[in-house]
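J.: turn this into a model:
(one chain, ligands or ions: 1)
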Amino acid sequence: MAGKKIFIAGHRGLVGSALCRLYGKMTGWEVVTRTRAELDLQDTDAVRKFFGEEKPSHVILAAAKVGGIHANATHHVEFLLENMRIQNNVIEFAARSDVEKLLFLGSSCIYPKHCPQPIKEEYLLSSALEPTNEGYALAKITGLKLCQHYCRQYGKDFISAMPSNLYGPNDNFDLETSHVLPALIHRFHLAKLNEQPTVTVWGTGSPLREFLHVDDLAGGIHTLMEKYDEDLPINIGVGKDVTILELAEIIKETVGFGGELEWDSSQPDGTPRKLLDTSRINALGWKPRMTLREGIRNTYEWFKEHYQE
Ligand code: GFB
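T.: Purely as a prediction, here's the structure:
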(Lines give C-alpha, C1' and ligand atoms only; values in the text may rest on other atoms or scores of the structure.)
Protein backbone atom coordinates (compact mmCIF):
# COMPACT_ATOMS: atom_id res chain seq x y z
CA MET A 1 0.00 0.00 0.00
CA ALA A 2 1.27 3.53 -0.78
CA GLY A 3 2.66 5.44 2.22
CA LYS A 4 -0.11 6.33 4.64
CA LYS A 5 -0.70 9.99 5.46
CA ILE A 6 -2.22 10.52 8.91
CA PHE A 7 -3.68 13.82 10.11
CA ILE A 8 -3.37 14.06 13.89
CA ALA A 9 -5.84 16.79 14.84
CA GLY A 10 -4.86 18.33 18.19
CA HIS A 11 -1.18 17.35 17.92
CA ARG A 12 0.01 19.78 20.63
CA GLY A 13 -2.40 18.52 23.29
CA LEU A 14 -2.15 15.78 25.89
CA VAL A 15 -3.33 13.00 23.55
CA GLY A 16 -2.15 14.46 20.22
CA SER A 17 1.44 14.90 21.40
CA ALA A 18 1.52 11.26 22.58
CA LEU A 19 0.24 10.16 19.17
CA CYS A 20 2.96 12.22 17.45
CA ARG A 21 5.59 10.55 19.67
CA LEU A 22 4.27 7.16 18.56
CA TYR A 23 3.55 7.72 14.86
CA GLY A 24 6.66 9.86 14.44
CA LYS A 25 8.74 6.73 15.20
CA MET A 26 6.84 4.46 12.79
CA THR A 27 8.00 3.86 9.22
CA GLY A 28 5.44 4.10 6.42
CA TRP A 29 3.45 6.90 8.07
CA GLU A 30 3.60 10.55 7.00
CA VAL A 31 2.28 12.60 9.92
CA VAL A 32 0.36 15.80 9.04
CA THR A 33 -0.33 18.38 11.75
CA ARG A 34 -1.67 21.94 11.89
CA THR A 35 -1.52 24.43 14.74
CA ARG A 36 -4.70 26.29 15.64
CA ALA A 37 -3.24 29.42 13.98
CA GLU A 38 -2.66 27.43 10.77
CA LEU A 39 -6.04 25.70 10.79
CA ASP A 40 -8.99 26.64 13.00
CA LEU A 41 -11.00 23.42 13.13
CA GLN A 42 -14.10 25.43 14.04
CA ASP A 43 -13.88 27.18 10.64
CA THR A 44 -15.88 25.07 8.18
CA ASP A 45 -14.39 26.59 5.01
CA ALA A 46 -10.84 26.24 6.31
CA VAL A 47 -11.39 22.56 7.17
CA ARG A 48 -12.99 21.87 3.77
CA LYS A 49 -9.98 23.48 2.06
CA PHE A 50 -7.49 21.56 4.21
CA PHE A 51 -8.98 18.16 3.39
CA GLY A 52 -9.30 19.05 -0.31
CA GLU A 53 -5.59 19.94 -0.48
CA GLU A 54 -3.96 17.49 1.97
CA LYS A 55 -6.18 14.43 1.32
CA PRO A 56 -4.96 12.42 4.35
CA SER A 57 -5.65 8.68 4.21
CA HIS A 58 -6.10 8.44 8.00
CA VAL A 59 -7.35 10.85 10.67
CA ILE A 60 -7.21 10.74 14.47
CA LEU A 61 -9.45 13.44 15.95
CA ALA A 62 -7.77 14.29 19.25
CA ALA A 63 -8.57 18.02 19.09
CA ALA A 64 -11.24 19.16 21.54
CA LYS A 65 -12.06 21.72 24.16
CA VAL A 66 -11.36 19.79 27.37
CA GLY A 67 -11.19 20.57 31.08
CA GLY A 68 -11.69 19.35 34.60
CA ILE A 69 -14.85 19.24 36.64
CA HIS A 70 -14.87 22.95 37.54
CA ALA A 71 -14.27 24.13 33.94
CA ASN A 72 -16.96 21.75 32.66
CA ALA A 73 -19.55 22.61 35.30
CA THR A 74 -19.28 26.36 34.55
CA HIS A 75 -18.95 26.36 30.73
CA HIS A 76 -21.50 23.94 29.24
CA VAL A 77 -22.18 26.27 26.27
CA GLU A 78 -18.53 26.47 25.22
CA PHE A 79 -17.90 22.74 25.70
CA LEU A 80 -20.99 21.94 23.60
CA LEU A 81 -20.56 24.54 20.84
CA GLU A 82 -16.81 24.34 20.27
CA ASN A 83 -16.56 20.55 20.38
CA MET A 84 -19.55 20.07 18.08
CA ARG A 85 -18.14 22.58 15.57
CA ILE A 86 -14.72 20.84 15.57
CA GLN A 87 -16.04 17.30 15.23
CA ASN A 88 -18.76 18.13 12.69
CA ASN A 89 -16.18 19.81 10.43
CA VAL A 90 -13.47 17.15 10.71
CA ILE A 91 -15.78 14.13 10.44
CA GLU A 92 -17.84 15.50 7.52
CA PHE A 93 -14.87 16.60 5.40
CA ALA A 94 -12.94 13.43 6.19
CA ALA A 95 -15.94 11.57 4.75
CA ARG A 96 -16.17 13.87 1.71
CA SER A 97 -12.44 13.52 0.94
CA ASP A 98 -12.51 9.72 1.14
CA VAL A 99 -10.36 9.29 4.22
CA GLU A 100 -9.85 5.51 4.60
CA LYS A 101 -10.08 5.45 8.40
CA LEU A 102 -10.93 7.98 11.11
CA LEU A 103 -10.76 7.49 14.87
CA PHE A 104 -12.83 9.85 17.05
CA LEU A 105 -11.81 10.27 20.68
CA GLY A 106 -14.55 10.54 23.26
CA SER A 107 -14.37 10.08 27.00
CA SER A 108 -15.67 7.84 29.79
CA CYS A 109 -17.89 10.72 30.91
CA ILE A 110 -20.34 9.92 28.08
CA TYR A 111 -21.79 7.09 30.17
CA PRO A 112 -24.66 7.52 32.66
CA LYS A 113 -23.91 8.84 36.14
CA HIS A 114 -25.30 5.66 37.68
CA CYS A 115 -24.71 2.48 35.73
CA PRO A 116 -23.27 -0.95 36.55
CA GLN A 117 -19.49 -0.96 36.97
CA PRO A 118 -17.32 -1.74 35.15
CA ILE A 119 -19.08 0.15 32.35
CA LYS A 120 -19.75 -1.73 29.11
CA GLU A 121 -20.06 0.21 25.83
CA GLU A 122 -23.71 -0.83 25.46
CA TYR A 123 -24.65 1.12 28.63
CA LEU A 124 -24.44 4.35 26.59
CA LEU A 125 -27.61 6.48 26.84
CA SER A 126 -29.25 4.00 29.23
CA SER A 127 -29.89 6.73 31.86
CA ALA A 128 -29.11 10.33 32.89
CA LEU A 129 -25.66 11.87 32.50
CA GLU A 130 -23.48 13.36 35.25
CA PRO A 131 -24.66 17.04 35.41
CA THR A 132 -21.19 18.59 35.91
CA ASN A 133 -20.04 17.59 32.42
CA GLU A 134 -23.30 17.30 30.49
CA GLY A 135 -22.20 19.75 27.78
CA TYR A 136 -18.95 17.96 27.00
CA ALA A 137 -20.56 14.52 27.28
CA LEU A 138 -23.41 15.43 24.88
CA ALA A 139 -20.91 16.82 22.37
CA LYS A 140 -18.85 13.63 22.54
CA ILE A 141 -21.97 11.45 22.24
CA THR A 142 -23.01 13.30 19.06
CA GLY A 143 -19.50 12.82 17.65
CA LEU A 144 -19.50 9.09 18.22
CA LYS A 145 -23.03 8.82 16.86
CA LEU A 146 -22.04 10.77 13.71
CA CYS A 147 -19.18 8.29 13.15
CA GLN A 148 -21.51 5.35 13.81
CA HIS A 149 -24.03 6.57 11.23
CA TYR A 150 -21.34 7.40 8.65
CA CYS A 151 -20.30 3.77 9.10
CA ARG A 152 -23.82 2.34 8.79
CA GLN A 153 -25.21 4.70 6.10
CA TYR A 154 -22.12 5.37 3.93
CA GLY A 155 -19.88 2.41 4.81
CA LYS A 156 -17.16 4.66 6.25
CA ASP A 157 -14.50 3.05 8.48
CA PHE A 158 -15.00 5.72 11.15
CA ILE A 159 -14.51 4.35 14.69
CA SER A 160 -14.80 5.87 18.20
CA ALA A 161 -12.64 5.24 21.25
CA MET A 162 -13.78 6.08 24.80
CA PRO A 163 -10.77 6.47 27.13
CA SER A 164 -10.84 6.76 30.92
CA ASN A 165 -9.37 9.85 32.62
CA LEU A 166 -6.01 10.59 31.00
CA TYR A 167 -2.77 12.15 32.17
CA GLY A 168 0.87 12.60 31.14
CA PRO A 169 3.24 15.10 29.46
CA ASN A 170 1.75 18.23 27.80
CA ASP A 171 -1.31 18.12 30.05
CA ASN A 172 -3.01 21.30 31.28
CA PHE A 173 -1.69 21.89 34.82
CA ASP A 174 -3.70 25.04 35.56
CA LEU A 175 -4.93 24.95 39.15
CA GLU A 176 -8.52 25.90 38.25
CA THR A 177 -9.28 24.49 34.78
CA SER A 178 -7.30 21.23 34.74
CA HIS A 179 -8.19 17.64 35.65
CA VAL A 180 -7.50 16.31 39.12
CA LEU A 181 -4.20 14.49 38.55
CA PRO A 182 -2.26 17.39 36.95
CA ALA A 183 -3.92 19.90 39.30
CA LEU A 184 -2.72 17.96 42.35
CA ILE A 185 0.81 17.55 40.94
CA HIS A 186 0.94 21.34 40.53
CA ARG A 187 -0.64 22.04 43.92
CA PHE A 188 1.62 19.66 45.89
CA HIS A 189 4.67 20.97 44.01
CA LEU A 190 3.89 24.58 44.98
CA ALA A 191 3.11 23.57 48.58
CA LYS A 192 6.49 21.84 48.83
CA LEU A 193 8.36 24.81 47.33
CA ASN A 194 6.55 27.28 49.58
CA GLU A 195 6.76 25.00 52.64
CA GLN A 196 2.99 25.20 53.14
CA PRO A 197 1.56 23.18 56.07
CA THR A 198 -1.44 21.90 54.09
CA VAL A 199 -2.73 21.25 50.56
CA THR A 200 -6.42 21.68 49.73
CA VAL A 201 -8.03 18.89 47.70
CA TRP A 202 -11.54 19.36 46.22
CA GLY A 203 -14.60 17.34 47.17
CA THR A 204 -14.71 14.53 49.71
CA GLY A 205 -11.97 12.29 48.29
CA SER A 206 -14.35 9.36 47.97
CA PRO A 207 -15.07 9.34 44.19
CA LEU A 208 -13.22 6.67 42.24
CA ARG A 209 -11.33 7.42 39.01
CA GLU A 210 -9.47 5.32 36.47
CA PHE A 211 -6.27 6.90 35.15
CA LEU A 212 -4.57 5.93 31.87
CA HIS A 213 -1.22 7.43 30.85
CA VAL A 214 -1.37 8.93 27.36
CA ASP A 215 1.60 6.95 26.07
CA ASP A 216 -0.35 3.78 26.88
CA LEU A 217 -3.44 5.34 25.29
CA ALA A 218 -1.47 6.02 22.08
CA GLY A 219 -0.63 2.33 21.83
CA GLY A 220 -4.28 1.45 22.31
CA ILE A 221 -5.33 3.90 19.61
CA HIS A 222 -2.82 2.38 17.18
CA THR A 223 -4.19 -1.09 17.95
CA LEU A 224 -7.68 0.16 17.07
CA MET A 225 -6.45 1.87 13.88
CA GLU A 226 -4.97 -1.46 12.81
CA LYS A 227 -7.57 -3.95 14.07
CA TYR A 228 -10.94 -2.35 14.88
CA ASP A 229 -13.68 -1.49 12.37
CA GLU A 230 -16.98 -1.96 14.20
CA ASP A 231 -19.60 0.76 14.60
CA LEU A 232 -19.83 0.41 18.41
CA PRO A 233 -17.60 2.76 20.48
CA ILE A 234 -14.80 0.89 22.27
CA ASN A 235 -13.43 1.59 25.77
CA ILE A 236 -9.73 2.10 26.53
CA GLY A 237 -8.66 1.96 30.18
CA VAL A 238 -6.48 0.26 32.78
CA GLY A 239 -9.23 -1.84 34.37
CA LYS A 240 -8.81 -0.54 37.92
CA ASP A 241 -9.49 2.68 39.79
CA VAL A 242 -8.42 4.58 42.91
CA THR A 243 -10.21 7.03 45.19
CA ILE A 244 -9.27 10.69 44.95
CA LEU A 245 -7.86 10.31 48.49
CA GLU A 246 -5.60 7.43 47.36
CA LEU A 247 -4.54 9.46 44.30
CA ALA A 248 -3.72 12.49 46.48
CA GLU A 249 -1.60 10.33 48.76
CA ILE A 250 0.37 8.83 45.83
CA ILE A 251 1.02 12.32 44.40
CA LYS A 252 1.92 13.70 47.86
CA GLU A 253 4.51 10.92 48.22
CA THR A 254 5.84 11.29 44.64
CA VAL A 255 6.29 15.07 45.01
CA GLY A 256 7.71 14.66 48.51
CA PHE A 257 5.30 16.98 50.31
CA GLY A 258 5.39 16.51 54.07
CA GLY A 259 2.28 18.46 55.12
CA GLU A 260 -1.37 17.51 55.59
CA LEU A 261 -4.40 17.29 53.26
CA GLU A 262 -7.43 19.53 53.67
CA TRP A 263 -10.76 18.90 51.87
CA ASP A 264 -12.82 21.63 50.18
CA SER A 265 -16.34 20.17 50.17
CA SER A 266 -17.68 23.29 48.40
CA GLN A 267 -16.24 21.77 45.20
CA PRO A 268 -18.26 18.99 43.49
CA ASP A 269 -17.32 15.31 43.66
CA GLY A 270 -18.82 14.68 40.21
CA THR A 271 -19.72 11.17 39.18
CA PRO A 272 -19.09 8.62 41.96
CA ARG A 273 -17.29 6.12 39.70
CA LYS A 274 -16.64 5.49 35.97
CA LEU A 275 -14.54 2.33 35.72
CA LEU A 276 -14.49 1.04 32.14
CA ASP A 277 -14.94 -2.54 31.02
CA THR A 278 -11.92 -2.99 28.72
CA SER A 279 -12.45 -6.63 27.76
CA ARG A 280 -13.13 -5.76 24.09
CA ILE A 281 -9.87 -3.89 23.49
CA ASN A 282 -7.96 -6.42 25.62
CA ALA A 283 -9.32 -9.10 23.23
CA LEU A 284 -7.60 -7.21 20.38
CA GLY A 285 -4.26 -7.76 22.15
CA TRP A 286 -3.77 -4.40 23.88
CA LYS A 287 -3.28 -3.68 27.54
CA PRO A 288 -1.56 -0.79 29.35
CA ARG A 289 2.09 -1.13 30.47
CA MET A 290 2.54 1.66 33.01
CA THR A 291 1.44 1.47 36.66
CA LEU A 292 -0.18 4.58 38.12
CA ARG A 293 2.86 5.26 40.34
CA GLU A 294 5.24 4.98 37.33
CA GLY A 295 2.98 7.22 35.27
CA ILE A 296 2.73 9.86 37.99
CA ARG A 297 6.53 9.81 38.42
CA ASN A 298 6.97 10.22 34.64
CA THR A 299 4.49 13.09 34.57
CA TYR A 300 6.00 14.88 37.57
CA GLU A 301 9.48 14.72 35.98
CA TRP A 302 8.04 16.26 32.81
CA PHE A 303 6.24 18.93 34.85
CA LYS A 304 9.43 19.95 36.67
CA GLU A 305 11.35 20.26 33.35
CA HIS A 306 8.72 22.17 31.41
CA TYR A 307 6.23 24.06 33.52
CA GLN A 308 6.63 27.82 33.86
CA GLU A 309 4.55 29.49 36.58
O1 GFB B 1 -10.50 15.15 36.94
P2 GFB B 1 -11.71 15.91 37.33
O3 GFB B 1 -11.62 17.37 37.24
O4 GFB B 1 -12.89 15.43 36.40
O5 GFB B 1 -12.21 15.62 38.83
P6 GFB B 1 -13.90 14.22 36.41
C7 GFB B 1 -12.15 14.35 39.37
C8 GFB B 1 -12.43 14.40 40.86
O9 GFB B 1 -11.26 14.97 41.48
C10 GFB B 1 -13.63 15.20 41.39
C11 GFB B 1 -11.65 15.86 42.52
O12 GFB B 1 -14.23 14.42 42.40
C13 GFB B 1 -12.98 16.43 42.00
O14 GFB B 1 -13.72 16.95 43.10
N15 GFB B 1 -10.61 16.87 42.72
C16 GFB B 1 -9.91 17.03 43.87
C17 GFB B 1 -10.17 17.76 41.82
N18 GFB B 1 -9.05 18.06 43.74
C19 GFB B 1 -9.18 18.53 42.47
C20 GFB B 1 -8.53 19.58 41.76
O21 GFB B 1 -7.67 20.30 42.27
N22 GFB B 1 -8.90 19.75 40.46
C23 GFB B 1 -9.86 18.96 39.87
N24 GFB B 1 -10.16 19.17 38.57
N25 GFB B 1 -10.52 17.96 40.52
C26 GFB B 1 -14.05 14.96 33.94
C27 GFB B 1 -15.09 15.62 33.05
O28 GFB B 1 -14.73 14.58 35.12
O29 GFB B 1 -13.51 13.79 33.36
C30 GFB B 1 -14.51 15.89 31.69
O31 GFB B 1 -15.55 16.82 33.67
C32 GFB B 1 -13.78 14.68 31.15
O33 GFB B 1 -15.54 16.24 30.84
C34 GFB B 1 -12.84 14.07 32.15
O35 GFB B 1 -14.71 13.72 30.77
C36 GFB B 1 -12.21 12.81 31.62
O37 GFB B 1 -13.18 12.94 36.22
O38 GFB B 1 -14.83 14.32 37.57
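
J.: which positions in the stretch 101-250 of the chain make contact with the ligand?
T.: 107, 109, 132-133, 136, 165, 178-180, 183-184, 201-203, 207, 209, 244 (Cβ under 6 Å from any ligand atom). Using the backbone N, CA and C atoms, a C-beta is placed for each residue, glycine as well.

J.: now, of those, which are buried?
T.: 107, 109, 132-133, 136, 165, 178-180, 183-184, 201-203, 207, 209, 244 (16 or more other Cβ atoms under 10 Å).

J.: which of these fall within strands?
T.: Counted as lying in strands by DSSP state E, out of these, are Asn165, Val201, Trp202, Arg209.

J.: export the residues you listed to a markdown table and tack on distance to Lys240 and pLDDT?
T.: Listed next are those as a markdown table, based on distance: Cβ to Cβ, whole Å; pLDDT from 0 to 100:
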| residue | distance to Lys240 | pLDDT |
| --- | --- | --- |
| Asn165 | 13 | 98 |
| Val201 | 21 | 98 |
| Trp202 | 22 | 97 |
| Arg209 | 11 | 98 |
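
J.: and the residues you listed, which two are the farthest apart?
T.: Spatial extent of those (Cβ to Cβ) is set by the pair Asn165 and Val201 at 15.7 Å.

J.: tell me the domain boundaries of this protein?
T.: What automatic domain parsing lists as the domains of the chain is 4-167+211-237+277-289, 180-207+241-274+295-303.

J.: pick the most deeply packed of these.
T.: domain 4-167+211-237+277-289 (a mean of 19; mean count of other Cβ atoms under 10 Å).

J.: any idea how far apart the tips of it sit?
T.: With Cα to Cα, to the nearest Å as the measure, domain 4-167+211-237+277-289 spans 27 Å from end to end.

J.: ok now that domain, how far from the chain's centre?
T.: 8 Å (Cα atoms, centre = their mean, to the nearest Å).

J.: do stretch 153-173 as well
T.: Using Cα atoms, centre = their mean, the offset of stretch 153-173 from its chain centre is 6 Å.

J.: re the thing from before, distance to Phe173 for the domains of the chain - can I get that in a markdown table?
T.: What follows is the domains of the chain, written out as a markdown table (distance: least, Cβ to Cβ, whole Å):
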| stretch | distance to Phe173 |
| --- | --- |
| domain 4-167+211-237+277-289 | 10 |
| domain 180-207+241-274+295-303 | 5 |
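
J.: ok, which stretches of this structure are strands?
T.: 4-9, 29-32, 58-61, 101-105, 157-163, 165-167, 198-202, 208-209, 211-213, 234-236, 242-243, 260-264.

J.: closest one to Gly67 among those strands?
T.: Among those, strand 165-167 sits nearest to Gly67 (Cβ to Cβ), with 12.3 Å.

J.: closest to the ligand among the ones in strands among the buried ones among the residues of the stretch 101-250 of the chain next to the ligand?
T.: Nearest to the ligand out of these is Trp202 (Cβ to the nearest ligand atom; 3.5 Å).
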